[in-house]
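*Asks:* can't give you the sequence, but here's the structure:
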């Protein structure tokens, strides 16, 4: 992983969102870099005699592949240790999901006029599901019923699906609780991994560098295999539309309303109930990290 910045005059080296290249050529002066970030070519190189090309490669970012995901710290010179960040227990839990066998199916990007913390909040409680989402995803979940576990900075909320009530008549040895649950992992500070029985969703939420009231969100869908990703495309299309409509038209509208209420002075503090432990944990961790800086 590298900063998308030419080491000559700072122009963006690449403007395409995705793809593969052997060389990345700056559109300003055609300085060219290979996949390892090394400076390979530059027009009229005699104008830079005495400059060591080895010192002018793209600035590398700390990067690690773990659990089928690529993790990047967007700070040159920082350190990365994903296992340590997750902690031994959560790292073991994620290993059990076999995420490294899942494949990319689709993604979608959003520019959302809401602070990043409010967007994360929307994922971390199920109290609102039967109310805000009463006509969309609410009926698919048991109201206000979940478990919660903290893993250092990170956390997991497992929400119960509505079909959990059908299990009470079944012999215990035949019960499969995983079919009646949705697991929501907070990967601190602002990524959310959601297990939805037949696929995973990953939400990455980045604050805008200039406007704290705006965030850049990417939603990803990961299928169990390439064969399943292709064979079940109609199902993904249907589920994705329901998900996006729910998030964009319900969750994020509510988040904007909350943000406006804060800005107008109508709310100085939030109240988190005992049925909202993930929210308590999330904001306690933010406060602790900020206080330590």
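*Replies:* Yes, it's here. Keep in mind the model is a prediction, meaning the values are calculated, not measured.
*Asks:* from here on, contacts and neighbour counts on C-alpha atoms
*Replies:* Fine.
*Asks:* count of neighbours near residue 22?
*Replies:* 10 (other Cα atoms under 10 Å).
*Asks:* ok, it touching residue 34?
*Replies:* Yes - between residue 22 and residue 34 there is a contact at 6.0 Å, judged by Cα atoms under 8 Å.
*Asks:* so how far does stretch 33-47 reach from one end to the other?
*Replies:* Using Cα to Cα, to the nearest Å, one end of stretch 33-47 lies 18 Å from the other.
*Asks:* Pull out the buried positions in it.
*Replies:* Buried residues in stretch 33-47, counted by 16 or more other Cα atoms under 10 Å: 33-34, 37-40, 42.
*Asks:* Over to stretch 61-79?
*Replies:* 61-63, 66-67, 71-72.
*Asks:* Most widely separated two among the residues you listed?
*Replies:* Maximum pairwise distance among these (Cα to Cα): 19.2 Å, between 61 and 67.
*Asks:* residues of stretch 110-130 that come out buried?
*Replies:* 112-127, 129-130.
*Asks:* Select from these every entry located in strands.
*Replies:* Judged by DSSP state E, the subset of these located in strands is residue 112.
*Asks:* Need the three-state assignment for residue 285.
*Replies:* Of the three states, residue 285 takes helix under DSSP: H, G, I helix; E, B strand; the rest coil.
*Asks:* Do I have it right that it meets residue 153?
*Replies:* Yes - between residue 285 and residue 153 there is a contact under Cα under 8 Å: 6.0 Å.
*Asks:* re the thing from before, and of the buried residues of stretch 33-47, the nearest to residue 99?
*Replies:* Nearest to residue 99 among the buried residues of stretch 33-47, with distances taken as Cα to Cα, is residue 37, at 28.2 Å.
*Asks:* Return the residues in contact with that closest one.
*Replies:* With Cα atoms under 8 Å, 6 or more residues apart in numbering as the criterion, the residues that contact residue 37 are 2, 57-60.
*Asks:* quick one: which two of these are the most distant?
*Replies:* 2 and 57 (9.5 Å).
*Asks:* The two: which is more packed in?
*Replies:* residue 57 (21 against 18).
*Asks:* Give me the nearest residue to that one, chain neighbours excluded.
*Replies:* Once flanking residues are discounted, residue 57 sits nearest to residue 38: 4.5 Å by Cα to Cα, 6 or more residues apart in numbering.
*Asks:* try residue 252
*Replies:* Distance criterion Cα to Cα, 6+ apart; nearest residue to residue 252, sequence neighbours excluded, is residue 119 at 7.2 Å.
*Asks:* pLDDT score for the one you found?
*Replies:* Looking at residue 119, its pLDDT is 97.
*Asks:* my read: it touches residue 254, true?
*Replies:* No - the pair residue 119 / residue 254 is not scored as a contact, 9.9 Å apart, by Cα under 8 Å.
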